[in-house]
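K.L.:
Provided below are the primary sequence and the corresponding predicted coordinates.
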Amino acid sequence: MIVDCYLFSYFPDITSMSHSYTIPYSPWEDDYPKKVTSLSIDMKSLVYETPSRSLDHITCPICKHPFLKPYSTICGHTFCKACINESFKSVLGEKCPLDRVPLNVNDEAEVYPAPIILTNITDDLIVKCVNSEDGCTWRGERWSVRNHVLEKCAYTRIKCTCGLFCSRRMLLENKLITEDFHPVDRDGIAVCPHTKVSCEKCAVEVMLCEMDEHLQKHCTNNIVKCSGCHLSFPQMHLGNHTLNCQQIYVDCPGSKYGCTWKGQRELLTSIHMSDCVFLKLKGSLEQFEGRLTSLATENENLKLQMSTILDSVVQGKVQNLGYPLEIEEISGNLEVEKEYELDPVRLSMKNIRALVKELETNKNMTQLLAEENVALREQVKNQWTMIVQLQNQVQFMMIERRRQFASSGDLERLHTKL
């Protein structure tokens, strides 16, 4: 999904725009406002990095998404503010959507904002950019996605005054705007990014904002050299060639585990891969990393659950009961809950430490094996050198012996004896 953003001239009296994604920017205006007039993103469409099963305890039972502005009811349930409001407008009326308990919407003792920690937890969840399907690799907290889309996302589409759309990335790549998204003038005259110009290589007319894509993917006259075999190709074919060129320098697949080898692809496949200790241990190391990642994720989820449960004990349950509890009672329950919830966290941390120690031990063993392998290779090399030297000495002695026999006239007698 590409987010479309309009480019408008700036007028101080404008307070709202008709389009939901608005950037007050125009390449034909000198002033560049920093203030955003309006920007709305469908937060329900966000894709979360956290596994869905880990979000069950912070998911709205109506929309099945993590809470947005969560509100709680006196009967102990929590919903998104928009979801509970829509439910009250339905045939069900002013009743809890789950247990049908009658609720007074105007009474803050019956319908009230959930504890702020729940809002903080959900806003800190890691989400993908709304333009992730188009190539944006940004990941960040949910609360920062709006600022990213508006100010930084290279895939946010901008509507030019000529009526056409293009992504911010195209404008940056063609140097039609700066990193601060100010317009770039040519000889003092603002240039529309959709102006058609002739390609310097093939003379085909292409829009400025699409020139790089044309040169890389379509122009047959844009010739470049392979850095490995030094053969020339149109740039549009260079990518496929690079994937198979045997002269290209590549890293060992085991580089992520510590292998420092780098060389031509043909040497990698024919020699190095069969001898690389790191590649032989790759399967085991991947299993260790997977287990470590799983335990780390489980640990984070347990911390999140513990924070939510403790907060509900201190705030949610006290409010939902409808009468105040003594501070001593709350404190006593809190200590019990802390100890109960900290047990799985301690266990997870213990497992993580053990796994890290095991991984470090295996890495040390791998390093020792690699060093021993290098030492053995050096010894074999030295032995071969000594053998060659001995062969040369023996050959020299044989030649010298023949020369001595020849000089003494005994060569024929030597042949007769042989």
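P.N.:
It's in.
K.L.:
mind listing the helices in the chain by residue range?
P.N.:
Under the criterion DSSP state H, the chain contains helices at 81-89, 116-123, 145-147, 168-173, 211-217, 235-244, 265-267, 273-275, 277-280, 282-311, 317-320, 327-408, 411-417.
K.L.:
tell me the domain ranges of this structure?
P.N.:
47-152, 246-282 (the TED database).
K.L.:
Looking at those, spot the one closest to residue 396.
P.N.:
Closest approach to residue 396 among the domains of the chain is made by domain 246-282 (34.1 Å; Cβ to Cβ). All C-beta spots, glycine's among them, are computed from the backbone N, C-alpha and C.
K.L.:
buried set for the closest one?
P.N.:
Applying a neighbour-count criterion of 16 or more other Cβ atoms under 10 Å, one finds 248, 250, 252-254, 257, 259, 261, 264-265, 267-268, 272, 276-279, 281-282 buried in domain 246-282.
K.L.:
Check stretch 67-78 too.
P.N.:
Those buried within stretch 67-78 under the rule 16+ other Cβ under 10 Å are 67-74, 76-78.
K.L.:
which of those residues has the weakest pLDDT?
P.N.:
Lowest in pLDDT among the buried residues of stretch 67-78 is residue 76, which has 87.
K.L.:
I'd like to know how far that residue sits from residue 110.
P.N.:
12 Å (Cβ to Cβ, to the nearest Å).
K.L.:
again, but for residue 148
P.N.:
For residue 148 relative to residue 110 (Cβ to Cβ), the value is 37 Å.
K.L.:
do residue 139 as well
P.N.:
From residue 139 to residue 110 the distance is 39 Å (Cβ to Cβ).
K.L.:
Repeat that for residue 192.
P.N.:
On the measure of Cβ to Cβ, residue 192 and residue 110 end up 58 Å apart.
K.L.:
Ok, residue 208 next?
P.N.:
Counting by Cβ to Cβ, the gap from residue 208 to residue 110 is 60 Å.
K.L.:
same check, this time on residue 159
P.N.:
Relative to residue 110, and taking Cβ to Cβ, residue 159 is found at 46 Å.
K.L.:
same question, residue 146
P.N.:
For residue 146, the distance to residue 110 - Cβ to Cβ - is 32 Å.
K.L.:
Which of those two has more residues huddled nearby?
P.N.:
Taking other Cβ atoms under 10 Å, residue 146 and residue 110 do not tie; residue 110 has more neighbours (19 against 15).
K.L.:
Assess the claim that the more buried one and residue 73 are in contact.
P.N.:
Yes: counting by Cβ atoms under 8 Å, residue 110 touches residue 73, with 6.5 Å between them.
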